[in-house]
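# pasting the sequence and the predicted coordinates here, then a few questions.
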Amino acid sequence: MAVRAVHRGSLFRSAVSPPLLTFCCRFRHLSSLPFRRSSKVGLRFPIFCCVNQFPGYGDGCPRSAHSLVDCVTEELAAWRSRRTVRANVKMRLTSSGELLEDKLVNQELKKGLLLEFKRDSDRILLGVAERPDGKKNWMVYDQNGVTSSIKPQQIRYIIPGVENFDHKEILKFLQKAQENLDPTLLEIAWVELLENNASVTAEELAEMIFGSAEPLESYCAHLLLSKDEIYFTVMETKGSRSIYGPRPTGQVEELLRKKMAEEAAENELQDFIQLLLSAKAKPACAKPPKSSWLVDEKIRYKIESLEAYAIDACKSDEQKKTAGMILKAMGLTKTASSALNLLINIGYFPVHVNLDLLKLNILTDHSEEIIAAAGSLLSESSDPDEMNRKDLTHLKVYAIDVDEADELDDALSATRLQDGRIRVWIHVADPTRYVEPGSIVDRYLLKLWSAECGLEQIAMVIFIYLIMFRDAMRRGTSIFLPTGTYPMFPEKLAMEGMSLKQGELCNAVSVSVVLHSDGSIAEYSVQNSIIRPTYMLTYESATELLHLNLEEEAELKMLSEAAALRLRWRRQQGAIDTSTLETRIKVINPEDPEPSINLYVENQADPAMRLVSEMMILCGEVVATFGSCNNLPLPYRGQPQSNIDVSAFSHLPEGPVRSSAIVRIMRAAEIDFRKPIRHGVLGLPGYVQFTSPIRRYLDLLAHYQVKAFLRGESPPFSAGQLEGMASIVNMQVRVVRRLSSSSLRYWVIEFLRRQPREKKYRALILKFIKDRIAALLLVEVGMQASAWVSVGTQVGDEVEVQVEEAHPRDDVLSLKEFIRN
């Protein structure tokens with residue numbers, strides 16, 4: 001039997017020493033014990049107490065390990081002598097290889113043996129061999145009471161000294177083994193074996209640390225060795241037998257440092273889990289704000305890892321691993337939806353967070369640097385065209401847009417000439433004075449230089465103009481979502497400096513057009529101007545004024561008349577009418593769990609909408625003609641439609657149904673930067689988008705080119721430069737369109753989800769997808785969906801449907817046709 005104690009970092013064993021349980025050595029928790037440091041390896045070992053509990057081995061009083069030295073001095077000296085001889089013999093035999101081979105001799109498998117085996121990648125079980133299963137496999141009855149067939153290579157360890165083991169005792173055996181496990185013993189055994197450069201089997205380690213190689217002790221030693229990742233490494237394995245050797249000191253120290261770091265990380269993780277659980281348990285009004293999760297660097301990394309996981313945007317495997325560990329610790333599945341729901345439940349994300357906005361990494365807010373530059377431009381910029389602006393403040397000016405519009409780019413005027421013809425004015429906001437491209441900045445620098453401005457002031461001018469120009473190009477367009485607007489320029493600059501404002505003097509570029517009686521262009525001009533907008537109207541109020549036919553609003557009636565002439569003329573040129581229903585949604589307080597949703601459906605054939613769109617198209621045709629006549633590189637837009645036979649769709653009802661059918665076969669638009677190309681869908685020989693320079697970057701580029709010509713200067717950009725910038729901008733514009741479409745669809749589905757289940761909706765059949773499954777346009781909400789419709793219905797028919805399911809987060813909208821008796 002054996003005694004174990006600490007003596008210069010060694011284990012000792014004596015033939016005349018009392019058995020292990022005589023002293024019942026107990027290792028207390030390392031943090032609560034005094035330690036001494038080994039001078040050889042720099043590790044700390046506990047000083048522990050032994051209690052004599054058996055008759056014949058003392059008086060039962062507690063004694064420290066050091067107090068026992070006097071009692072066992074002779075035994076210790078004799079033991080060391082014998083131990084040295086045995087160690088030398090062992091080392092010689094091991095180095096020859098003969099004994100090492102003997103240690104790896106496997107026990108023959110037979111019925112009644114107790115063995116440990118690997119069930120799958122995660123489970124290690126203990127079982128009793130029952131009977132052979134084929135030539136090599138064995139049927140085993142495991143600790144869970146399950147009988148299964150295992151292969152020899154699944155066996156990890158056969159417990160020695162066991163025959164005819166009763167499978168009913170497996171759990172008891174396991175419990176006793178767990179009670180006897182003391183990982184601190186490995187550290188002491190490692191020091192001893194490292195000193196002697198010796199290797200061990202599980203049974204030999206059992207002899208060292210327990211004083212016995214009985215089945216239970218051997219299995220305990222096997223468990224310690226097989227689970228150890230610090231002190232020992234497998235030197236050789238054959239079947240179920242393994243030989244372990246002590247790791248070098250440096251390697252152990254490195255592994256210990258790694259283990260301590262992992263434990264510290266685990267503690268941090270658990271602290272973070274507690275924060276999540278606490279936030280999750282709080283009511284919505286008391287949840288911590290998003291900013292509170294971003295103060296501490298370590299907490300910020302974990303919460304951002306969860307956010308990246310939720311939107312499938314992890315930047316590294318480490319970030320993905322961190323999010324996975326958090327979800328596992330919270331008892332959640334490792335999915336993006338689990339991460340999303342967790343972030344919503346703790347209040348980090350609102351219930352209706354726009355995931356696409358995060359996934360697409362779209363710029364929304366402007367940096368402090370850009371906002372500061374915008375402030376400088378508002379206070380310091382001058383108007384280079386001040387002396388060449390035509391005063392048009394005598395005109396009545398109508399600005400017509402949606403009611404929530406913040407940026408007003410365009411406005412309209414009309415007068416009737418003495419010969420009865422109509423002259424229309426399309427006034428477009430002039431933002432170029434605030435944001436100049438490089439070549440125009442050079443002109444301002446010459447002025448500054450001639451004014452003897454300092455280099456610091458000149459450098460600041462360069463910085464402010466270029467940073468604003470490049471930031472706008474990177475954004476490409478303003479973003480209009482149901483939950484808010486994200487302008488291309490900083491809000492203060494766009495609203496206060498660039499936008500048209502009712503009753504105030506505003507700089508503009510005005511396009512004047514006189515129309516022939518058939519709607520064609522008789523004459524035109526493009527010039528810098530000053531206007532004073534008279535009315536700011538919504539489409540609804542403009543339509544109402546048109547219906548009232550008020551004498552004092554004759555100019556608005558002239559605009560409507562001009563629009564009708566233009567539409568008729570364009571159709572004669574082959575234009576295709578693609579007007580349909582357009583949905584707008586305004587969400588009030590989108591951060592709330594149940595925000596208010598205001599939904600509007602507008603018909604693009606509405607008189608006011610038709611009026612505005614015709615004037616914008618007219619402006620685009622004039623600018624294209626102006627550019628062509630003056631050889632200006634511009635973003636000329638075109639759209640081939642040579643293969644569209646409109647008469648083939650005459651059997652379909654005019655409006656959304658016919659428009660949908662035509663749009664499906666239309667070819668993609670094209671852009672040429674050198675000369676106009678025909679826009680077949682609009683029925684125009686050329687077209688340039690010019691009327692939204694505050695909202696669209698390509699419109700702004702067109703303004704730079706035109707205004708430079710009006711000043712008598714060369715255009716700032718060549719066709720090649722325009723093409724390069726347009727390729728960057730158009731990529732961003734496509735992304736924004738996708739975002740706008742998905743956001744609008746989300747909130748329409750959310751709107752439908754809140755409606756009574758029995759509510760019925762009118763739906764137009766646009767086409768049949770497969771069999772009786774039809775693509776529908778829901779008239780009341782202006783959104784397309786699909787549903788099965790009854791036999792006998794045709795494209796263009798109107799049916800009634802009800803909403804069966806509506807889940808905006810999953811983009812699920814299920815409709816069912818309602819059939820009246």
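Yes, it's here. Residues are numbered from 1 along each chain as shown.

# I'd like to know how far A787 sits from G712.
62 Å (C-beta to C-beta, to the nearest Å). Yep, even glycine has a C-beta here, placed from its N, CA and C like the rest.

# what strand or helix carries the closest residue to Y157 other than its chain neighbours?
The shortest distance from Y157 to any non-neighbouring residue, by C-beta to C-beta, 6 or more residues apart in numbering, is to E116 (4.4 Å). Taking DSSP states H and E as the definition, one finds E116 inside strand 114-118.

# what strands flank whichever helix or strand comes after that strand, and is each parallel or antiparallel?
Following strand 114-118 in sequence order, the next helix or strand is strand 124-133 (DSSP H and E). Strand 124-133 pairs in its sheet with strand 114-118 (antiparallel), strand 137-142 (antiparallel), by DSSP bridges.

# distance from strand 124-133 to the middle of the chain?
Here strand 124-133 is found 49 Å from its chain centre; the criterion is C-alpha atoms, centre = their mean, to the nearest Å.

# can you name the residues in contact with it?
Residues outside strand 124-133 that contact it (C-beta atoms under 8 Å, 6 or more residues apart in numbering) are 109-119, 138-144, 147, 149, 156, 165-167, 170, 173-174.

# can you check stretch 765-783 too?
By C-beta under 8 Å, 6+ apart, stretch 765-783 touches 580-583, 599, 601-602, 656-657, 660-661, 664, 744-745, 748, 751-752, 761-764, 784-791, 793-799, 801, 815.

# re the thing from before, A787 and G712: who's more crowded?
Using other C-beta atoms under 10 Å, the more surrounded residue of A787 and G712 is A787, with 22 against 7.

# okay, the more buried one: pLDDT?
pLDDT for A787: 96.

# same thing with L109?
89.

# how about R36?
33.

# same question for A87.
In this prediction, A87 carries a pLDDT score of 38.

# how about stretch 758-773: buried residues?
For stretch 758-773, a neighbour-count test (16 or more other C-beta atoms under 10 Å) marks Y761, A763, L764, I765, L766 as buried.

# could you single out the nearest of those to T393?
If you rank those by distance to T393 using C-beta to C-beta, L764 comes first, at 46.7 Å.

# thinking again about what came up before, if any of the contacts of strand 124-133 are buried, give me the PyMOL selection for them.
A single PyMOL command is used to select the members of the contacts of strand 124-133 judged buried by 16+ other C-beta under 10 Å:
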select buried, resi 109+113+114+115+116+117+119+138+139+140+141+142+156+165+167+170+173
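
# how many residues are close by I370?
Counted with other C-beta under 10 Å, residues neighbouring I370 total 19.

# residues touching it, list them.
Applying C-beta under 8 Å, 6+ apart, the residues near I370 are I467, M468, D471, P490.

# between these, identify the one with the most neighbours.
Greatest neighbour count in the contacts of I370, by other C-beta under 10 Å, goes to P490: 24 neighbours.

# hmm, A374 and that residue touching each other?
Yes - applying C-beta atoms under 8 Å as the test, P490 and A374 come out as touching, 4.0 Å apart.

# show me where the stretch 401-550 of the chain has strands.
410-416, 422-429, 479-481, 484-486, 506-515, 521-531, 535-538 (DSSP state E, counting those that start in this stretch).

# so which of those strands is the most surrounded?
strand 422-429 (a mean of 25; mean count of other C-beta atoms under 10 Å).

# show me what that strand pairs with in its sheet, parallel or antiparallel.
Counting by DSSP bridges, the strands paired with strand 422-429 are strand 410-416 (antiparallel), strand 506-515 (antiparallel).

# so for that strand, mean pLDDT?
Strand 422-429 shows a mean pLDDT of 98.

# and the contacts of the strand holding E116?
109, 124-129, 140, 142, 150, 154-159, 162, 165, 170, 173, 215, 219, 222, 240.

# and the buried ones among those residues, selectable in PyMOL?
PyMOL command restricting the contacts of strand 114-118 to the buried ones, with burial defined by 16+ other C-beta under 10 Å:
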select buried, resi 109+125+126+127+128+129+140+142+150+154+155+156+157+158+159+162+165+170+173+215+219+222+240
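
# returning to that earlier point: out of the contacts of stretch 765-783, which sit inside helices?
Among the contacts of stretch 765-783, the members falling in helices (DSSP state H) are P656, V657, S660, A661, L744, R745, V748, F751, L752.

# is it true that the third one touches S579?
No - using C-beta under 8 Å, S660 is not in contact with S579; the gap is 10.9 Å.

# the more surrounded of those two?
S660 (20 against 17).

# how is the residue nearest to that one when sequence neighbours are not counted assigned, secondary-structure-wise?
Nearest in space to S660, with sequence neighbours left out and distances taken as C-beta to C-beta, 6+ apart, is L766 at 4.7 Å. Under DSSP: H, G, I helix; E, B strand; the rest coil, L766 falls in the strand class.

# what score does L766 have for pLDDT?
For L766, the model assigns a pLDDT of 96.

# next one: phi and psi at A202?
phi -60, psi -40 (degrees, to the nearest 10).

# chain neighbours aside, what residue packs nearest to it?
In space, A202 comes closest to H222 once its chain neighbours are excluded; the distance is 3.9 Å by C-beta to C-beta, 6+ apart.

# for the spatially most central residue of the chain, what are its contacts?
In the chain, the residue lying closest to the centroid (C-alpha atoms, centre = their mean) is I311, at 2.7 Å. Contacts for I311 (C-beta under 8 Å, 6+ apart) come out as A336, L340, L355, L358, K359.

# what do you get for G792?
Contacts for G792 were tallied using C-beta under 8 Å, 6+ apart; there are none.

# state the distance from it to I819.
From G792 to I819 the distance is 11 Å (C-beta to C-beta).

# low-confidence stretches in the protein?
Regions of the chain meeting the criterion pLDDT under 70 cover residues 1-102, 404, 438-466, 642-643.

# mind running it again at 80?
Scanning the chain for pLDDT under 80 picks out the ranges 1-106, 121-122, 380-381, 403-406, 436-469, 641-646, 821.
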